[in-house]
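Enquirer: Sequence first, predicted model second:
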Amino acid sequence: MREAAVSDVDVFVRRESQVRSYCRSFPAVFRSARGAVLIAEDGSEYLDFLCVAGAANYGHNDPVLKDAVLRYLAEDGVLASLDLHTVAKRAFLEAFERLILKPRGLPHRVQFTGPTGTNAVEAALKAARKATGRSTILAFTNGYHGMSLGALAATGNAQARRGAGVPLAHTVFARFDGYGEGDSLALLERQLDDPSGGIDLPAAAIVETVQGEGGCNAASWRWLERLAYLLHTRGILLIIDDVQAGCGRTGTFFSFERAGIAPDLIVLSKSIGGLGLPMSLLLLRPELDLWQPGEHNGTFRGNNLAFVAARAAIERYWTDGAFAQGVQARGDIIRARIERMAARHRGLSYTGRGLLAGLRCSDPARAEAISRLAYRRRLIIERCGPHDEVVKTMPPLNIPIEQLHEGLDRLERTVDETMP
Ligand code: PMP
């Protein structure tokens, strides 16, 4: 096997902050990308099962999306616009309403927040607090919601929390589905209803249907349904953080569709910008849209290239159910192949849903070895989970089936190679 080429990374090491992380695992210097393939400056091609952590769901440089953006650039379209009305923003909103919100019966308003997922999460927490007049947020074990202080307070991971440098307050944690023994919701219900349960009535609960960073942990539909009911009956708002699991990743546009629940607030980011262009949204039930003008402001709420690409993506992929079916079919392939690997090796199992799935290793060192050796086979595949013990398979949602199998072949060979 040829080693990954050694590139000139001096300036990154010399000048870029120690905070850099992904590039330590995958140190190639990338030049271009198309579909599921990232191409390094030495010409070597890597299969991308990381996909910008879910911001490249439609693959890199999708030609239809890219053409829309290039045409817009050629016409001197407005690029940045705060929250001014623009033609591009109108076209996006109309398409989003027609193809995404209306068919799913969602009456929600659309708030354009700052372009990061964490900023949209902050907006959701603030909106929930404002609407209820309460401060406590209920979060879940292994949840991940971003790096700014409000979102971080609702994030479980100790290393991420340590970075805050101040106490992370106004959050209580409950057990996610499958965390520990017994019925996690029965305990939560008892605590909420017990005058001595120790939980101030929360403004909202924030939850991922499949915990992306937390280990590809999928909540069951029944658990989500029970959670939604429990919250609703106590006047606690439900925020679904669909930053990673949304935009089709788990097999439907929103990850909660098959749970039959109606979230009060929905956070979307990552692939909503189509081509990996920064854009985030908070969807609010109309009665929760209580902002004063400018109360959650931000310069970069008007990324018109993202509006153009987002509209093109929605019109290309979400006019009927075919794309979602393709995602589900690919998810089934991943599941079958990972289960086959797990059947041959002790200490491995499948986890996740759709294309937000992975290979859980009882020994985190094995997951580390798999990711490292897979990179030598030109497969970019990251880890997640509290001990980085899950090898996370996150290919583009439209990856050609043959390429998906090629990536899984590389993964399987690597798994065999790491047999203890
Ligand atoms: N919520 C979830 C579920 C996420 O996975 C992430 C990012 N991985 C975020 C929020 C934060 O998004 P960003 O990194 O764009 O701030």
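Expert: Structure received. Note that the coordinates shown come from a computational prediction; the quantities given were computed from them, not determined experimentally.
Enquirer: can you tell me which helix in the protein is longest?
Expert: helix 322-344 (DSSP state H).
Enquirer: Report the mean confidence score over whatever helix or strand comes next after it.
Expert: Toward the C-terminal end, the helix or strand that comes next after helix 322-344 (DSSP states H and E) is strand 348-353. Across strand 348-353, pLDDT averages out at 98.
Enquirer: Tell me which residues are up against strand 348-353.
Expert: Strand 348-353 is contacted from outside by 209-210, 215-218, 245, 250-251, 255, 331, 335, 338-339, 341-342, 357-362, 366, 390, 392-393, 415, using C-beta atoms under 8 Å, 6 or more residues apart in numbering. Bear in mind the C-beta positions are built from the backbone N, C-alpha and C, glycine included.
Enquirer: I only care about those residues that end up buried; give me the ChimeraX line for that.
Expert: Listed next is the ChimeraX selection for buried residues among those, using 16 or more other C-beta atoms under 10 Å:
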select :209,210,215,216,217,218,245,250,251,255,331,335,338,341,342,357,358,359,360,361,366,390,392,393,415
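Enquirer: Among the contacts of strand 348-353, which are located in strands?
Expert: Judged by DSSP state E, the subset of these located in strands is 210, 217-218, 357-361, 390, 392-393.
Enquirer: tell me which residues form a beta bridge with A80?
Expert: For A80, the beta-bridge partners under DSSP bridges are N303.
Enquirer: wait, it sits on G298?
Expert: No: A80 lies out of contact with G298 (C-beta atoms under 8 Å); the separation is 11.5 Å.
Enquirer: the more surrounded of these two?
Expert: Neighbour count, other C-beta atoms under 10 Å: between A80 and G298, G298 has more, with 17 against 13.
Enquirer: Would you agree the more buried one is in contact with T116?
Expert: No: in this structure G298 lies outside contact range of T116 using C-beta under 8 Å: 9.7 Å.
Enquirer: got a list of contacts for stretch 149-156?
Expert: Taking C-beta under 8 Å, 6+ apart as the criterion, the residues outside stretch 149-156 that touch it are 118, 121-122, 125-126, 137, 139-146, 160-161, 163-164, 166, 168-171, 173, 206, 214, 386.
Enquirer: Just those residues: which are in strands?
Expert: Secondary structure assignment by DSSP E places 137, 139-140, 171, 173, 206 of those in strands.
Enquirer: Same list (those residues) but as CSV, adding pLDDT, neighbour count and distance to V52.
Expert: Rendered in CSV, the data for the ones in strands among the contacts of stretch 149-156 read as follows (pLDDT from 0 to 100; neighbours: other C-beta atoms under 10 Å; distance: C-beta to C-beta, whole Å):
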residue, pLDDT, neighbour count, distance to V52
I137, 98, 27, 27
A139, 98, 27, 25
F140, 98, 24, 25
T171, 98, 20, 28
F173, 98, 16, 28
I206, 99, 28, 23
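Enquirer: Which member of the residues you listed is positioned nearest the ligand?
Expert: Distances from those to the ligand were compared by C-beta to the nearest ligand atom; the smallest belongs to I206, at 9.0 Å.
Enquirer: For A80, see how far away the closest one is.
Expert: Counting by C-beta to C-beta, to the nearest Å, the gap between I206 and A80 amounts to 29 Å.
Enquirer: mind checking how far the strand or helix carrying A95 is from the chain centre?
Expert: A95 is part of helix 87-96, with elements assigned from DSSP H and E. Between the centre of helix 87-96 and the centre of its chain there are 23 Å (C-alpha atoms, centre = their mean, to the nearest Å).
Enquirer: And the next helix or strand past that helix?
Expert: strand 109-112.
Enquirer: What residues sit buried inside that next one?
Expert: Neighbour-count burial for strand 109-112, counted by 16+ other C-beta under 10 Å, picks out 110-112.
Enquirer: Which residue ranges of the stretch 51-200 of the chain form helices?
Expert: Assigned by DSSP state H, counting those that start in this stretch, the helices in the stretch 51-200 of the chain fall at 51-54, 63-74, 87-96, 117-132, 149-153, 158-162, 184-193.
Enquirer: could you give me the average pLDDT of the longest one?
Expert: Confidence over helix 117-132 (mean pLDDT, whole number) is 98.
Enquirer: do that helix and the ligand meet at all?
Expert: Yes: judged by C-beta under 6 Å from any ligand atom, helix 117-132 comes into contact with the ligand through 117-118, 121.
Enquirer: And for that helix, what's in contact with it?
Expert: 111, 113-114, 135, 137, 145-148, 150-151, 154, 203-204, 206, 235, 237, 239, 241, 243-244, 264-265, 267-270, 280-282, 284, 287-291, 296, 298.
Enquirer: Now A139: closest residue in space that isn't a chain neighbour?
Expert: A154 (3.8 Å; C-beta to C-beta, 6 or more residues apart in numbering).
Enquirer: Give the burial count for G347, as a bare number.
Expert: As a burial measure, G347 scores 12 neighbours (other C-beta under 10 Å).
Enquirer: Turn the ones in strands among the contacts of stretch 149-156 into CSV, including distance to the ligand.
Expert: Putting the ones in strands among the contacts of stretch 149-156 into CSV (distance: C-beta to the nearest ligand atom, whole Å) gives the following:
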residue, distance to the ligand
I137, 14
A139, 11
F140, 11
T171, 15
F173, 16
I206, 9
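Enquirer: got the residues you listed as JSON lines, with distance to L379 columns?
Expert: As requested, the ones in strands among the contacts of stretch 149-156 are exported to JSON lines (distance: C-beta to C-beta, whole Å):
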{"residue": "I137", "distance to L379": "38"}
{"residue": "A139", "distance to L379": "33"}
{"residue": "F140", "distance to L379": "31"}
{"residue": "T171", "distance to L379": "37"}
{"residue": "F173", "distance to L379": "35"}
{"residue": "I206", "distance to L379": "33"}
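Enquirer: now, among those residues, which is nearest to A53?
Expert: I206 (18.6 Å; C-beta to C-beta).
Enquirer: Tell me how many other residues surround the single nearest residue of the chain relative to the ligand.
Expert: With distances taken as C-beta to the nearest ligand atom, the chain approaches the ligand most closely at G117, which sits 2.3 Å away. The number of residues packed around G117, counting by other C-beta under 10 Å, is 29.
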